[in-house]
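1. I'll drop the sequence and a predicted model, then ask my questions.
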Amino acid sequence: MDNFSISVRSANGAGIIMPKGYVNNLGAEGLEHACEKFLDKGVRKIIINFADVQFINSIGASIFTGIVQKAVEYKGLLCFTNMKKVHSDVFEMLGITRHVKVFREEKEALDFLKDKE
Amino acid sequence: MKKKDDLKRLLFSLSSLVDLGQEVTSSDNFSRRMKTALFVITGMFSVPKAALLAYNQNRYKLELLISKGLKELDGISMQIKTKDIKAFGKNEPCSINISGNKSVFYGQSEDLFKKLHAKTFIPLFAKDEFVGAIILGKRLSKDSYLKSEKDVLKVIANQIAITLHNANLFRSLSNKVNENKRLYQNMRHIYHDTIQAFAAAIDAKDVYTKNHSYRVARYAVAIARESGWKEKEIEAIYVAGLLHDIGKITIDRGVINKGEDLSVSELSEIKRHPQISYDILSKINFPWKDLVHFVRHHHERVDGMGYPDSLNGEELSEGVKILALADAFDAMTTDRPYRKRLSLSEALGEVKKCLGTQFDSKISNIFFRVLQKELKGQSKEAQILPHLTKDFDPTIITTLLEGITAELSA
């Protein structure tokens, strides 16, 4: 729990969530809540920037699975950026990346979302 | 390529088992452990919605314990026909069809299955006992479960089943402990009520001493508590206070209620009551070994001039000194056949005058402190003031007590 934190901001109509540290226990549930908060406020474009994520285990994967489900239910557009290969491999294997747009950099995601309603 | 992917999935499943072990052993909170287990499963197989249910054997219902990906599921439960439970393989994941399993599941099961987009049902068995179930929604990957994944799921289900079973055992044991505690408390109440009835019977013999034993018990408790006694010891002095005069039952009512001066033989008769109290109470196996000694010596004095054994201050226990003071103070502040009661200030003056002769200085000082606290409203529950006749000025008594305690500490 101590090895995990989240920072949240908005840019160009998109909600940007930046988890930091280890997404490996229930302490990281705040990530799902942060995403839900954006969706509840009507923000449909969400970027999760993985630049500072060190480690994701099955519990973390469960949290991201929940986020994807929420985004689908709210008809949101979810982008993952700055992912390490090990994380993108796991997400691909779990079928998570089928429901999100993956970008190398946050800026690329912002540019992509600029044209989306 | 497919083999490589399957191997990856198997490796991820195995590493998830390690996650489960680490997380589950790091928490002693049952709900958190169960939630962690459900998150490991849902993460391992990318299932956004899932639920863990515990089987309530008394209601024949599967009741929701933890859910993932859904809100407003509180209180939801489903029923499963007992004979059908056995049809499931123990801890074996099996596919379910929301509308096609109506013959097996009923209650709110259809509603629950729909909300979860349920695809997989895992009945949880610990040994042969059905303890709960896991319901998994559809996978994000839309893949079907590999044989190896089903095996891992079975291993986890087995662990969850054992944890649920242990929690049930613990809950049942806790219920029994609580029930025993309740019975014990009931017995204690009956016990105390009986003792109080005895005390009332003792006091009824003397028209002037109605409720005397009860007041002595309360005063003694107040002093003992202020002295830092433990609750069990306080209970002992409370019961001693209630029963200290039980020996008076055998003494002639005419002697006890005599208004004029007592003859030598009558006085001697009266003075026998602590010994008789002791003789009566010694036959009872009280849980407090000191109680009978408190009772026997409640008319002893620190100068050795008391009765029945003429013990001096060093030979008297703290409990005896407390009971002696509580008894004498109540005698001073209530009407007796041979005199009117003393006012509170007169009684306090009398206690002060008899320090070191009749009463122990340390115990008396504590008694003064209790009274001061009660007068200032600093006591949680006043034990002395409520029983005194309200014809004193609290300010005057407070000043008087401050003077006495200052003098004693000088």
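-> Perfect, thanks for sending it.
2. In the chain, which residue is most central in space?
-> I went with chain A, as the question did not name one. Chain A has residue A:48 as the residue nearest its centroid, 3.2 Å off, counting by CA atoms, centre = their mean.
3. that's the wrong chain, I meant chain B
-> The residue lying closest to the centre of chain B (CA atoms, centre = their mean) is residue B:181, at 7.9 Å.
4. Quickly find the element holding it.
-> helix B:147-204 (DSSP states H and E).
5. Just checking that helix against chain A, any contact.
-> No. Using CB under 8 Å from any CB of the partner chain, helix B:147-204 stays clear of chain A, with a minimum separation of 10.4 Å. C-beta: built from backbone N, CA, C; applies to glycine.
6. Look at whichever residue of the stretch 251-400 of chain B sits closest to chain A and say how many residues are nearby.
-> Closest contact between the stretch 251-400 of chain B and chain A, by CB to the nearest CB, is at residue B:380 (39.5 Å). Neighbours of residue B:380 under the rule other CB atoms under 10 Å in any protein chain shown: 7.
7. Show me what residue A:10 is bridged to.
-> As for beta bridges, residue A:10 partners with residue A:15 under DSSP bridges.
8. Residue B:123 contacts residue B:91, correct?
-> Yes. The criterion here is CB atoms under 8 Å, and residue B:123 meets it with residue B:91 at 7.0 Å.
9. Quick check: which ranges of chain A have low pLDDT?
-> Scanning chain A with the threshold set as pLDDT under 70 gives A:1-2, A:117.
10. Up against chain B, what does it have?
-> Checking chain A against chain B by CB under 8 Å from any CB, the hits are A:24-26, A:57-63, A:65-66, A:68-69, A:89-90, A:93-96, A:98-99.
11. So how do I select the buried members of the residues you listed in ChimeraX?
-> Those of the residues of chain A next to chain B that count as buried under 16 or more other CB atoms under 10 Å in any protein chain shown are selected in ChimeraX with:
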select /A:24,25,26,57,58,59,60,61,62,63,65,66,68,69,90,93,94,95,96,99
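12. In chain A, which residue sits nearest chain B?
-> residue A:95 (2.7 Å).
13. Just give the nearest non-adjacent residue to that residue, would you?
-> Distance criterion CB to CB, 6 or more residues apart in numbering or on different chains; nearest residue to residue A:95, sequence neighbours excluded, is residue B:141 at 2.7 Å.
14. Does the one you found touch residue A:94 like I think?
-> Yes. Under the criterion of CB under 8 Å, residue B:141 makes contact with residue A:94 at 5.9 Å.
15. Now do the shared contacts for the two.
-> Residues touching both residue B:141 and residue A:94 (CB atoms under 8 Å, 6 or more residues apart in numbering or on different chains): residue B:46.
16. Output the set of residues of chain B in proximity to chain A.
-> Residues of chain B lying near chain A (CB under 8 Å from any CB): B:5, B:8-9, B:12, B:15-16, B:19-20, B:23, B:32, B:35-36, B:39-49, B:68-69, B:139-143.
17. tell me the SS of the residue nearest to residue B:316 when sequence neighbours are not counted?
-> In space, and not counting its chain neighbours, residue B:316 is closest to residue B:300: 5.6 Å by CB to CB, 6+ apart. Following DSSP: H, G, I helix; E, B strand; the rest coil, residue B:300 is assigned to coil.
18. Wait, residue B:300 touches residue B:310, no?
-> Yes. Between residue B:300 and residue B:310 there is a contact under CB under 8 Å: 7.4 Å.
19. which stretches of the stretch 301-410 of chain B form helices?
-> Counting by DSSP state H, counting those that start in this stretch, the stretch 301-410 of chain B has helices at residues B:318-332, B:344-353, B:361-375, B:394-409.
20. Residue A:103: which of those helices is closest?
-> helix B:361-375 (72.0 Å; CB to CB).
21. Could you check the angle that closest one makes with helix B:318-332?
-> Note on geometry: by axes from the mean of the first three to the mean of the last three CA atoms, to 10 degrees, helix B:361-375 and helix B:318-332 are set 60 degrees apart in direction.
22. for helix B:361-375, packing partners?
-> helix B:212-226, helix B:318-332, helix B:344-353, helix B:394-409 (3 or more CB pairs under 8 Å, 6 or more residues apart in numbering or on different chains; DSSP states H and E).
23. Mind doing that once more with 7 Å?
-> helix B:212-226, helix B:318-332, helix B:394-409 (3 or more CB pairs under 7 Å, 6 or more residues apart in numbering or on different chains; DSSP states H and E).
24. For the longest one, give me every contacting residue.
-> Helix B:394-409 has contacts (CB atoms under 7 Å, 6 or more residues apart in numbering or on different chains) with B:344-345, B:348, B:352, B:361, B:365, B:368-369, B:371-372, B:375.
25. swap the cut-off to 6 Å and go again
-> Identification of contacts with helix B:394-409 by CB atoms under 6 Å, 6 or more residues apart in numbering or on different chains yields B:344-345, B:352, B:365, B:368, B:371-372, B:375.
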